[in-house]
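Student: Test case, fold it:
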Amino acid sequence: MIFGVLKDIKVGEFRVIATPLEVGTIISDGHTVLVQKDAGVLAGFSNEAYEEQGAEIVETLEEMYERCDFLAKVKEIEEVEYKLLREDQIIYTCIHPAAHEEQVQAILDSKCIAFTAEDSHRFGSVNCEAAGKQGALMGLQAMLTINGGKGKFVSGLAGAPGMKVLILGGGIVGKSSLQVLHSLGAWCTVMDINIGTLREIGQIYNEKVNTQLSTKQNIKQLLPEIDMVINCVKWPKGSKDYLIDRDMLNLMEKGSVIVDISNDTEGAIESFRETTHDNPTYIENGVVHYCVGNIPGAIANSTSVAYAASVLGHLRSILNSGVTKACIKDGFLRRSLTAYKGYLTHEETSAIQNRAWVKPEDILGITQERLDVAPPATVTKSDNFLTL
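Tutor: This next block holds a predicted model:
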């Protein structure tokens, strides 16, 4: 199979889906690898490094799509790529399909086979870890007086108390933010709806981190004394409520900071709007908002190395076994199948976009196989099934 490493072209995105080491492994499996020119340069990997592993460097996006059977990159398929998608071609990237209707339509129209990478991680994405850790540091930067924040130092100074931080969500993102902020001396509270998660956090940190059940009432009570909120909650799509609505911003002191790592329109933070690394913050009701959508892109080398290692197994499984067998062996990969030759296979996207869908195991004809089991990627359900 001919595998292609695309250069990510989203504004502010500097990561690459495969480093030269992963490329070398794929080539040793007997496949041909094409790498788009400068795909890894901003992450610290030269064209020559890929060539030394046996890859061919390709000048243009158009040639990559024309020649490759299987293409991969980090972030969404951009509009300029829509017309290049073709039937039976395999795409693996973070599509975030439920939030990108035009992108989904282009995928369906092309009749390609698309996997949305963010749903494929059995142990959680390393990008979540990176977003949590780097997002915490970006929040500290937004707190600086010169950036509009109230100017508190994270651990405090002699005679001046440190920051009080509220972390919403105790998953990988929240725990990663907590690891950084607690180690730097912040006074941290973590809220989650899972008592087991809160108990685990308490045990890890010897009860030196406050934990509370995540409710709007608890958040309201705490906000007046909080300097920074880190939102790590993947909010249910289509929800009409918020964890923090605009009125609640008035409970916070001027110059306080909200870092919305989960980064969802109509997500947990009503005042959210996505920003970029070039213009990362805005102020609403006196509160500084940091809402960059691809925080891990700021540490492109580390995230590329870690992410490439984490997805290599999926890439090799598809390359070496084919889509069908790969989806039998790995339920997490199967649940990430977004579209198959013109059919939508992603439940959340069906529900949010009101599109008929087909279960991956049905369209692949593997319902009678011994399938690896994986939990649903989200709580959003759809019974809008398409009859084959």
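Student: Give me the neighbour count for the nearest residue to N263 once chain neighbours are set aside.
Tutor: Excluding the flanking residues, the one nearest N263 by C-beta to C-beta, 6 or more residues apart in numbering is G293, at 5.0 Å. Glycine gets a C-beta too; all of them are placed from N, C-alpha and C. Residues near G293, counting by other C-beta atoms under 10 Å, number 21.
Student: ok, now R370?
Tutor: As a measure of burial, R370 has 8 neighbours, counting by other C-beta under 10 Å.
Student: Kindly report the same for A309.
Tutor: 14.
Student: excluding its backbone neighbours, what's nearest it?
Tutor: The nearest residue in space to A309 (C-beta to C-beta, 6+ apart) is E22, at 7.3 Å.
Student: and if you look at D192?
Tutor: Per C-beta to C-beta, 6+ apart, closest to D192 is G170, 3.8 Å.
Student: residues touching that neighbour, list them.
Tutor: By C-beta atoms under 8 Å, 6 or more residues apart in numbering, G170 lies in contact with 190-192, 194, 197-198, 200-201, 211, 232.
Student: Go again with 10 Å.
Tutor: If you count contacts by C-beta atoms under 10 Å, 6 or more residues apart in numbering, G170 has them with 178, 190-194, 196-198, 200-201, 211, 214, 232-233.
Student: Straight-line length of stretch 203-218, end to end?
Tutor: 22 Å (C-alpha to C-alpha, to the nearest Å).
Student: which residues are in contact with that stretch?
Tutor: Here stretch 203-218 makes contact (C-beta under 10 Å, 6+ apart) with 164-170, 175, 178-179, 181-182, 186-195, 197-202, 219, 221-222, 233, 241-245, 248, 268.
Student: did I read that right, the residue nearest to D192 in a strand?
Tutor: No: if the criterion is DSSP: H, G, I helix; E, B strand; the rest coil, then G170 is coil and not within a strand.
Student: for it, phi and psi?
Tutor: As for G170, its main-chain torsions (degrees, to the nearest 10) stand at phi -110, psi 30.
Student: okay, it: pLDDT?
Tutor: Note on G170: pLDDT of 97.
Student: cool, and G124?
Tutor: 89.
Student: wait, doesn't it sit right on S310?
Tutor: Yes: between G124 and S310 there is a contact under C-beta atoms under 10 Å: 9.2 Å.
Student: More neighbours: these two, which one.
Tutor: The neighbour count for G124 versus S310, taken as other C-beta under 10 Å, is higher for S310 (19 against 14).
Student: Now the helix or strand where that one lies: buried residues?
Tutor: Assigned by DSSP states H and E, S310 belongs to helix 300-321. Residues 300-308, 310-312, 314-319 are the ones in helix 300-321 that count as buried (16 or more other C-beta atoms under 10 Å).
Student: quick check: mean pLDDT across that helix?
Tutor: Across helix 300-321, the average pLDDT comes to 97.
Student: Check which helices and strands it is in contact with.
Tutor: Contact partners of helix 300-321 among helices and strands, from 3 or more C-beta pairs under 10 Å, 6 or more residues apart in numbering; DSSP states H and E: strand 2-5, helix 20-28, strand 70-72, strand 90-93, strand 113-116, helix 126-142, helix 323-329, helix 331-335.
Student: Identify, out of those, the most deeply packed stretch.
Tutor: Of all these, strand 113-116 carries the top mean neighbour count, a mean of 26, counting by mean count of other C-beta atoms under 10 Å.
Student: hey, C-alpha coordinates of that one in CSV?
Tutor: Coordinates of each C-alpha in strand 113-116 appear next as CSV, following Å, rounded to 0.1, in the frame of the first residue of the first chain:
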residue,chain,number,x,y,z
ILE,A,113,-13.0,5.7,4.0
ALA,A,114,-12.5,8.1,6.9
PHE,A,115,-11.4,7.5,10.5
THR,A,116,-11.6,10.3,13.1
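Student: How far does that strand sit from its chain's centre?
Tutor: Once both centres are worked out by C-alpha atoms, centre = their mean, to the nearest Å, strand 113-116 turns out to sit 15 Å from its chain's centre.
Student: so what strands line up beside it?
Tutor: In the sheet, strand 113-116 lines up against strand 90-93 (parallel), strand 337-340 (antiparallel) (DSSP bridges).
Student: Format these as JSON lines; extra columns: mean pLDDT and distance to L386.
Tutor: Below are these laid out as JSON lines (pLDDT from 0 to 100; distance: least, C-beta to C-beta, whole Å):
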{"stretch": "strand 90-93", "mean pLDDT": "98", "distance to L386": "21"}
{"stretch": "strand 337-340", "mean pLDDT": "98", "distance to L386": "12"}
